[in-house]
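1. heads up, no residue letters with this:
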Ligand SMILES: Nc1ncnc2c1ncn2[C@@H]1O[C@H](COP(=O)(O)OP(=O)(O)OP(=O)(O)O)[C@@H](O)[C@H]1O
Ligand SMILES: [Mg+2]
């Protein structure tokens, strides 16, 4: 394994060392092999950035070990910084530099040969369709273009481990696809890619393995397919409500139900596919819903089941609401 994270624990203390502090990571272990894209998912504040910043040697764990290519990265943070490249979550200003200059500069600082760096930069710029902004001052770039330039800065002279903290934020759907292809390319060249994202559906298609963090703890880990086999129900029935209609009461076979604005999503066992279609058809005929779709459950269903949150209601809660 190129990157091994073992039992990492990190608490942020208040400057005055009063109070218990914030436990941002608790006993987190995972590993990423060369050629793998590993996704890190979790709600805001779950501890994702804290974890990846320890990998690249920016902050120090309280306990646990991190090895990059077998070498202790906690004991040797300067090795960690050299062996890993990072696209930080925060947008670093590159005012006064153009993307052409900023990408080349980082590539050179990381030790790339001038000709190689320029070649890789030009390839990345073309692959991400950034050509029209190549010579625009950094201060005048849009948010999404800045994010893509920041990705190119992390990818131009990549380390053994490439850490990407929310690389797809603010990026348009077409360029997000280009970006995912470049993430794959990095892994294809032999890097271990550790990637933080909130985009569960895209992660499902693009990562080899993933972990879900909640309140600093790792609560699930595996391939997308492995995580989905742990799901109580395996079909996803989405109802699009007629404007002004409240979501219908869930049928008896519905395992989980999430009314959400003009839509309602039910997860149901595969065995109930027939009755589910009949139920939805009947709702459509009686004018409660406009349309529906029945698809295999997604990683997002797993995520919601595991992590919950305000959008997730158990069936009982929904039924209790209706009874009230
Ligand atoms: N420098 C810091 N000092 C004190 N607490 C911090 C610091 N950085 C993060 N935290 C706290 O640690 C916890 C984890 O934060 P972290 O930034 O790792 O979360 P995250 O999963 O990356 O969230 P997001 O998805 O919003 O980026 C949060 O409770 C956060 O408030
Ligand atoms: Mg973060």
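-> Nice, thanks for sending it over. Fair warning: this is a prediction, and the values are worked out from it, not measured in the lab. Ligands and ions are numbered 1, 2, ... in the order given.

2. Let's check: the centremost residue of the chain is which one?
-> Geometric centre of the chain, nearest residue: residue 197, 1.7 Å, by C-alpha atoms, centre = their mean.

3. Might one say that residue 79 is in contact with residue 73?
-> Yes - between residue 79 and residue 73 there is a contact under C-beta atoms under 8 Å: 6.4 Å. Heads up, the C-betas are built off the backbone N, CA and C, glycines and all.

4. More neighbours: the two, which one.
-> residue 73 (26 against 15; other C-beta atoms under 10 Å).

5. what's the distance between the closest residue to the more buried one other than its chain neighbours and ligand 1?
-> Leaving aside its sequence neighbours, residue 73 sits nearest to residue 80 (C-beta to C-beta, 6 or more residues apart in numbering; 3.8 Å). For residue 80, the distance to ligand 1 (C-beta to the nearest ligand atom, to the nearest Å) stands at 17 Å.

6. My guess is residue 80 contacts residue 55. True?
-> Yes - using C-beta under 8 Å, residue 80 is in contact with residue 55, at 7.0 Å.

7. Which residues are in contact with each of these two?
-> 66, 68, 73 (C-beta atoms under 8 Å, 6 or more residues apart in numbering).

8. Sort out which one of those residues lies nearest ligand 1 for me.
-> Distance to ligand 1, by C-beta to the nearest ligand atom, is smallest for residue 66 among those, at 15.4 Å.

9. and of the shared contacts of residue 80 and residue 55, the nearest to residue 33?
-> Nearest to residue 33 out of the shared contacts of residue 80 and residue 55 is residue 68 (C-beta to C-beta; 12.3 Å).

10. Does that closest one touch residue 31 like I think?
-> No - Residue 68 lies out of contact with residue 31 (C-beta under 8 Å); the separation is 10.8 Å.

11. which one of the two has more residues nearby?
-> Per other C-beta under 10 Å, whichever of residue 68 and residue 31 has more neighbours is residue 68, with 26 against 16.

12. Could you report the neighbour count for the residue lying closest to the more buried one once chain neighbours are set aside?
-> Nearest non-adjacent residue to residue 68, counting by C-beta to C-beta, 6+ apart: residue 83, 4.7 Å away. Residues near residue 83, counting by other C-beta under 10 Å, number 20.

13. Also residue 107?
-> Neighbour count of residue 107, defined by other C-beta under 10 Å: 25.

14. The one 3 residues further on too?
-> Using other C-beta under 10 Å, the number of residues around residue 110 comes to 17.

15. Same check on the one 3 residues further on?
-> Other residues lying near residue 113 total 11 when counted by other C-beta under 10 Å.

16. How about residue 287?
-> So residue 287, with other C-beta under 10 Å, has 9 neighbours.

17. pLDDT score for it?
-> At residue 287, the model reports a pLDDT of 93.

18. could you show me where the strands are in the chain, in order?
-> Ranges of strands within the chain are 3-12, 22-32, 37-41, 63-68, 71-72, 84-87, 161-165, 192-196, 209-214, 217-222, 235-241, 256-260, 263-268, 289-296, based on DSSP state E.

19. how about a markdown table for those, with distance to residue 118 added?
-> As requested, the strands of the chain are exported to a markdown table (distance: least, C-beta to C-beta, whole Å):
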| stretch | distance to residue 118 |
| --- | --- |
| strand 3-12 | 29 |
| strand 22-32 | 29 |
| strand 37-41 | 26 |
| strand 63-68 | 27 |
| strand 71-72 | 30 |
| strand 84-87 | 18 |
| strand 161-165 | 20 |
| strand 192-196 | 23 |
| strand 209-214 | 34 |
| strand 217-222 | 39 |
| strand 235-241 | 47 |
| strand 256-260 | 48 |
| strand 263-268 | 48 |
| strand 289-296 | 45 |
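
20. So which bits of stretch 95-102 are buried?
-> Residues 97, 98, 99, 100, 101, 102 are the ones in stretch 95-102 that count as buried (16 or more other C-beta atoms under 10 Å).

21. now for that stretch, what's the gap between its first and last residues?
-> Taking C-alpha to C-alpha, to the nearest Å as the measure, stretch 95-102 stretches 10 Å from start to finish.

22. next one: it to chain centre, how far?
-> Stretch 95-102 sits 27 Å away from the centroid of its parent chain (C-alpha atoms, centre = their mean, to the nearest Å).

23. quick one, domains of the protein?
-> 3-228, 230-323 (automatic domain parsing).

24. Get me the contact residues on this protein for ligand 1.
-> The chain has residues 12, 22, 24, 42, 44, 45, 46, 47, 48, 49, 50, 89 near ligand 1, with proximity defined as C-beta under 6 Å from any ligand atom.
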